[in-house]
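**Q** could you work out the structure for the sequence below:
(one chain, ligands or ions: 1)
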Amino acid sequence: MSDVNGRPVIVLVGPMGVGKSTVGQLLAERLGCGYRDTDDDIVAAEGRSIADIFVDEGEQHFRAIEKRAVHAAIAEHDGVLALGGGAILDADTRALLAPHRVVYLSMDVEEAVKRTGLNAARPLLAVNPRRQWRELMEARRHLYTEVADAVVPTDGRTPEEVAQAVLDAL
Ligand code: S3P
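**A** Numbers count the residues shown, from 1 in each chain. Predicted coordinates for the structure are as follows:
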């Protein structure tokens, strides 16, 4: 697998809870490169949790911070990069992803409800997880697909199997 101009080797997109961090770290180990996650970058830079940013300043403010974090990571990182689940909502970010090798890790709604449950740390699922998941997936599925070079379903697969499927797909 060759490098894209010294830029991220693989960019992982997909909904929260799909396993981007776990699979991304496995991929980085397998490829012998670094792993970076834009959610971690945001938490480190802000010194508070993502849930706190949502509560204190709202989603719109979080999206502005997230956009800067994603653009910085894409410019700087040359390993595996995982983006927060909503990063692809931004049209500039989607355009920025075009020259990169992007993999969409997908899962169906029931799998999503099962995996994330009633996790209060995920501000977008605080009220009615199943309905909110359905709405999120309907609003975003086409955006994930639009930016992706490959779609790798994760339902019923272990992180190791997903990582292998990503490598096979590229
Ligand atoms: C979000 C996904 C989260 C985090 C924030 C918003 C989203 O990232 O950025 O809670 O809009 O889907 P993960 O996908 O890494 O959980």
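
**Q** distance of the closest residue to Gly14 other than its chain neighbours from Arg140?
**A** In this structure, Gly14 finds its nearest non-sequential neighbour in Leu105, 3.8 Å apart by CB to CB, 6 or more residues apart in numbering. Placement of C-beta: from N, CA and C, glycine included. Separation of Leu105 from Arg140 (CB to CB, to the nearest Å) stands at 13 Å.

**Q** more neighbours, the two?
**A** Neighbour count, other CB atoms under 10 Å: between Leu105 and Arg140, Leu105 has more, with 25 against 17.

**Q** dig out what that one forms beta bridges with.
**A** Taking DSSP bridges as the rule, Leu105 bridges to Val152.

**Q** same question for Tyr35.
**A** Following DSSP bridges, Tyr35 is listed with bridge partners Val80.

**Q** my read: it touches Val23, true?
**A** No: in this structure Tyr35 lies outside contact range of Val23 using CB atoms under 8 Å: 10.1 Å.

**Q** contacts only, for the residue nearest to Gly14.
**A** With contact set as CB atoms under 8 Å, 6 or more residues apart in numbering, Leu105 has these partners: 12-14, 18-20, 23, 152, 154, 162, 166.

**Q** roughly how far out does the helix or strand bottoming out on mean pLDDT in the chain sit from the chain middle?
**A** Taking mean pLDDT, DSSP states H and E as the measure, the chain has helix 109-116 as its least confident helix or strand, at a mean of 87. Averaging C-alpha positions (CA atoms, centre = their mean, to the nearest Å) puts helix 109-116 16 Å from its chain's average.

**Q** how about the helix or strand following it as PDB, C-alpha atoms only?
**A** For helix 109-116, the following helix or strand on the C-terminal side (DSSP states H and E) is helix 129-147. Below are the C-alpha coordinates for helix 129-147, written out as PDB (Å, rounded to 0.1, in the frame of the first residue of the first chain):
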ATOM      1  CA  PRO A 129     -31.100   6.300  21.300                       C
ATOM      2  CA  ARG A 130     -33.000   4.100  18.800                       C
ATOM      3  CA  ARG A 131     -34.900   7.000  17.100                       C
ATOM      4  CA  GLN A 132     -31.800   9.300  17.300                       C
ATOM      5  CA  TRP A 133     -29.700   6.500  15.700                       C
ATOM      6  CA  ARG A 134     -32.200   6.100  12.900                       C
ATOM      7  CA  GLU A 135     -32.200   9.800  12.200                       C
ATOM      8  CA  LEU A 136     -28.400  10.100  12.400                       C
ATOM      9  CA  MET A 137     -27.900   7.200  10.000                       C
ATOM     10  CA  GLU A 138     -30.500   8.500   7.500                       C
ATOM     11  CA  ALA A 139     -28.900  12.000   7.500                       C
ATOM     12  CA  ARG A 140     -25.400  10.700   7.200                       C
ATOM     13  CA  ARG A 141     -25.200   7.400   5.400                       C
ATOM     14  CA  HIS A 142     -24.900   9.100   2.000                       C
ATOM     15  CA  LEU A 143     -22.200  11.500   3.200                       C
ATOM     16  CA  TYR A 144     -20.100   8.600   4.500                       C
ATOM     17  CA  THR A 145     -20.600   6.800   1.200                       C
ATOM     18  CA  GLU A 146     -19.800  10.000  -0.800                       C
ATOM     19  CA  VAL A 147     -16.300  10.400   0.800                       C
END
